[in-house]
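Novice: Here is a sequence together with a model predicted from it:
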Amino acid sequence: MYFGLSEEQQFFQESINKFLEDTVTVDALRSHRTGENKNLSRLVFEGLNELGLSSLVVPEAFGGLGLDSLFAISVSESLGRGVAPYPFIGSFLIAPFLIDKLGSDSQKQKYLPGIATGEKRFAVALTEMTGRRIQSGIEYSNQKLNGRTLFVMDDIESTHYLIVDSDAGVHVVDASGDGLKKIELRSVDVTSFLSELALTDVETEALDNDSDNIESIQQAINLGRIALAANTLGAAQHMLDRSVDYAKERKQFGRQIGSFQAVKHMCAQMASDLEPCYSMTWYAAHTMDHIPHESQLMACQTKAQLSEVGSSIAKTATEVHGGMGFTDDLGLHYWFKRIGLNRQLLGSPDLLREEAADIQGL
C-alpha cells in the first residue's frame, strides 16, 4: 500500500514552491526585515491567494475548494520551505475550520465566502486552551469580552479576530470595534505575525450551532499543531538542501568539504533524522479526517518530534556552512528562526509530551 502525497498535492506544492522561490528570495527577506521592502507581504498574500490558498479548506458551498487536512498540511510544508510571510495557519486554516464547525448557517454564510476570497482576514487567539498566562485571560458576559490574550496568530491587516474565552466559548470580534487594543509582538521570525490583545467591553458575536465547543476547539488546535509541524518540516528540508549544495561547492585544502567524512556524516544524519518525519506528519494529517480519536495524540507527538528534529537540523545545517552560516549574506537564519518560533507556538515539546502522556494514561 502506498501512503504519501497524491500527484495533485505534489503538483500544488510545486506551484507554491516555484512562486516562493521567485518572490521570497534572501534579498527580498533582507529588505523586508530592514523595512526597505514594504510590499513583500502584500505580493506574497496576493500571489498565494491567486493559487487558491485562502479558499483551501473552505467548503465548496461557500466558495472554497473544500480540500482535506492532508492537502492543507502539504501546503503548510511548502510555506515553511519558502519561509513565506503569509498568514496561513491561523487565518486560512484554523479560522475557517472553527467557523465551519461551530458557526450557525447564517454565520457561515457571513464569514466563509469572505475568507475564501481573502477579503476577510482572521487572526486567531487560542491561548485560553493552549497555555494561559498568569494575569491574562478572556471573560465573557453580557455579550462582551474583557481581558487579555497573548500570542494571537497571524495578526496582519486583520479584519476580524477569532477568540476563545476562558469557558471555551468562541467569538468573532470586529478588528475595528471599540475597546480593542492591539499590541504587536516582535519575535525572532520577521515573517510571522503575532500580537497581544487587550479587550475592554468589546462587543462580540459568539459562534453557536449547539455543537461541542471543547471538542471542536481541540480539533482546531490539533490541526494547527500538525500544520506547524509540517511548516517546520519544510523549513528543515530547505536547510538540509542548502547544506548539501554548499558542501558540494565549498572547497577547503583543495577539496570539496563534502568529501570530508565529518561533513558527510553531518549531512547524512540530518537526512536520516528528517526522512521518517514525512510519513509521521502525513499520517497525523490523515487522522484528522479519518481517525479523529487518534488526532490529538498524533498532533502532540508529531509537533514535539518535528520541534526537536527541526532544531537539531537548524543547528547542524548552520555548522556545515561554517562561519558563513551565521551571516546575513546567506540568510539561513530566516529558516532557523521560523523553526524556533514554530517550536513554541501551540505548545512546546515538553508540554506536548505531557499532554500525550495524559491521553495515554501514563
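Specialist: Looks like it came in fine.

Novice: Now do the domain split for this protein, please.
Specialist: Following automatic domain parsing, one finds the domains of the chain at 7-117, 122-206, 213-359.

Novice: starting at the chain centroid, how far to the shortest one?
Specialist: To tie it back to what came earlier, the one meant is domain 122-206. Here domain 122-206 is found 17 Å from its chain centre; the criterion is Cα atoms, centre = their mean, to the nearest Å.

Novice: In JSON lines: the domains of the chain, plus mean neighbour count and mean pLDDT.
Specialist: In short, each C-beta sits where N, CA and C put it, glycine included. JSON lines is the format used below for the domains of the chain (neighbours: other Cβ atoms under 10 Å; pLDDT from 0 to 100):
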{"stretch": "domain 7-117", "mean neighbour count": "19", "mean pLDDT": "95"}
{"stretch": "domain 122-206", "mean neighbour count": "18", "mean pLDDT": "91"}
{"stretch": "domain 213-359", "mean neighbour count": "19", "mean pLDDT": "93"}
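
Novice: Can you report phi and psi for the closest residue to Asp167 other than its chain neighbours?
Specialist: Nearest residue to Asp167, sequence neighbours excluded (Cβ to Cβ, 6 or more residues apart in numbering): Tyr140, at 6.6 Å. Main-chain torsions, Tyr140, degrees, to the nearest 10: phi -120, psi 130.

Novice: is it true that Tyr140 touches Val164?
Specialist: No: in this structure, Tyr140 is not within contact of Val164 by Cβ atoms under 8 Å, at 10.0 Å.

Novice: overlap in contacts of these two?
Specialist: Residues touching both Tyr140 and Val164 by Cβ atoms under 8 Å, 6 or more residues apart in numbering: His171.

Novice: where do the helices sit along the stretch 51-200 of the chain?
Specialist: For the stretch 51-200 of the chain, helices defined by DSSP state H, counting those that start in this stretch occupy the ranges 69-81, 88-89, 95-102, 105-117, 127-130.

Novice: What of the stretch 201-350 of the chain?
Specialist: Along the stretch 201-350 of the chain, counting by DSSP H, counting those that start in this stretch, helices occupy 213-249, 261-290, 292-320, 333-344, 349-359.

Novice: Packing partners of the third one?
Specialist: Of the remaining helices and strands, those touching helix 292-320 by 3 or more Cβ pairs under 8 Å, 6 or more residues apart in numbering; DSSP states H and E are helix 213-249, helix 261-290, helix 333-344, helix 349-359.
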